[in-house]
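Asks: give me a 3D structure for the following:
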Amino acid sequence: MTDASLLEAKVLLLEHDPEQYQVLTDFCRSIGLMALPRSASDALATLGKHKDLGGVLLAEDLPCDEGNALQLARAIHKLRPELPIFLRRSSDIELSAAEQAAVRHRWVSGDLTHLRAVIDHTIFSLSYPRSLVQGIADLTCASLMAMFPNAKVVAESPYVVHDRIIHGEVSTLIPIESTWCRGYMMLQTEENALRQGLIQGFSYEGVGGDLNFRELNNMLGETTNLIWGAFKNRYIPPQALSKQQTQVPIVINHAHKYISFGSEDSQLCVRYQLSDPARPGMPPLVIVQRVIFNLHWSAEEFADFEAHAVKAGPTGELDLF
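Replies: So this is what the prediction gives:
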């Protein structure tokens, strides 16, 4: 099996005890969790600002202005039920059915072994080989540089998410399938940021910022298709594809900018920043990429594919819609 990539995940840390706070921040750092420490009063607002979380660490005795930590857990679960909540128990009071549904993962102070096990099972439920993660980032950067030749393209560190909230207003979705995977790739960005990037001249000459929303959609769609073509050339062998033909409904709620692929597994996420080298002070255009292996995923089958794959060079072809 290939070496697993040590990806990060963002977690909301709601812990007030100084000793436990230090223990948990050290613990998060050691296993690849990026902790966002907040108070109870800031918790729900933080959910609104961060749409790419992996989970929530919550102390049962966390001071709250209104109610208690278990009521806060139910409020978090109601807003973002896809986020696993890990409750540090400080009492032996039996939880109600609603509380148990909100905090399915519970642990007691000092038992970091159990906490690590449930985090590995939930937040890090899929193991992504290092070579695959780097390969996807590399081919995506190359495609973005081809579509936006005048922009500086930088890929942030890849991470995993459990959130199902869409970033921005413009999204594309394309199926990806090989002998070792079946799922989807998404690109997401903000419409105004994309338009501003074109005004700054990121793309080809003549492609400016006066495009209407349909033309902006097509721009991101062509970018997605170019990435998919590079993925196909690199990761899809000429023989028959995966025999796994299971399908699940994709649920999209536009009002809440929510999308579900019918799987609780983590999703691979990479953020790309496109900036103007001549104007470093301008806000970058951020394009968020998610790779969702919701229908079939096997790290072992990927390792076998990689061991026998012929390194394919770029073909120069662009698959058209």
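Asks: next, the buried residues of the lengthiest helix in the chain.
Replies: The longest helix of the chain (DSSP state H) is helix 213-235. For helix 213-235, the neighbour count (16 or more other CB atoms under 10 Å) marks 216-217, 219-232, 234-235 as buried. Glycine gets a C-beta too; all of them are placed from N, C-alpha and C.
Asks: do stretch 48-60 as well
Replies: In stretch 48-60, counting by 16+ other CB under 10 Å, buried: 51-60.
Asks: now do stretch 164-182
Replies: Neighbour-count burial for stretch 164-182 flags 164-173, 176-182 (criterion: 16+ other CB under 10 Å).
Asks: which of these fall in strands?
Replies: 170-173, 176-177, 181-182 (DSSP state E).
Asks: just the residues you listed now: which is nearest Pro284?
Replies: Val170 (16.0 Å; CB to CB).
Asks: tell me what that closest one is bridged to.
Replies: Val170 forms beta bridges with Thr189, as assigned by DSSP bridges.
Asks: how far does the helix or strand bottoming out on mean pLDDT in the chain sit from its chain's centre?
Replies: One helix or strand of the chain scores below all others by mean pLDDT, DSSP states H and E: strand 251-253, with a mean of 81. Chain-centre distance of strand 251-253: 17 Å, with CA atoms, centre = their mean, to the nearest Å.
Asks: what sits against Leu112?
Replies: By CB atoms under 8 Å, 6 or more residues apart in numbering, the contact list for Leu112 reads 23, 27.
Asks: recalculate using a threshold of 10 Å.
Replies: If you count contacts by CB atoms under 10 Å, 6 or more residues apart in numbering, Leu112 has them with 23-24, 26-27, 30-31, 119.
Asks: now do the helices in this protein.
Replies: Taking DSSP H as the criterion, the chain contains helices spanning 18-31, 40-49, 69-79, 97-102, 112-122, 130-147, 191-199, 213-235, 299-308.
Asks: nearest to Leu268, out of the ones you listed?
Replies: Closest approach to Leu268 among these is made by helix 130-147 (6.8 Å; CB to CB).
Asks: next one: the closest one to chain centre, how far?
Replies: 16 Å.
Asks: which stretches of the chain have low pLDDT?
Replies: 1-6, 206, 208-209, 239-246, 310-321 (pLDDT under 70).
Asks: run through the bridge partners of the residue nearest the centre of the chain.
Replies: A centroid search over the chain (CA atoms, centre = their mean) returns Cys269, at 3.3 Å, as the residue closest to the centre. In this structure, Cys269 bridges to Tyr159, Arg290 when assessed by DSSP bridges.
Asks: list the contacts of it.
Replies: Residues in contact with Cys269 (CB under 10 Å, 6+ apart) are 7-10, 52, 54, 156, 158-161, 163, 167, 186, 188, 288-292.
Asks: which among the residues you listed count as buried?
Replies: Applying 16+ other CB under 10 Å to these, the neighbour count classes 7-10, 52, 54, 158-161, 163, 167, 186, 188, 288-292 as buried.
Asks: ok, the residue lying closest to Arg38 once chain neighbours are set aside - contacts?
Replies: Among residues not flanking Arg38 along the chain, Thr46 sits closest, at 5.1 Å (CB to CB, 6 or more residues apart in numbering). Contacts for Thr46 (CB under 10 Å, 6+ apart) come out as 12, 14, 36-39, 53, 56, 76.
Asks: farthest-separated two in those residues?
Replies: Greatest spatial distance among those (CB to CB): Ser39 and Leu53, at 16.7 Å.
Asks: wait, Arg182 touches His296, no?
Replies: Yes - checked against CB atoms under 10 Å, the pair Arg182 and His296 is within contact range at 4.0 Å.
Asks: any idea how far Leu302 lies from Ser143?
Replies: Quick fix: residue 302 is Phe, not Leu. 21 Å (CB to CB, to the nearest Å).
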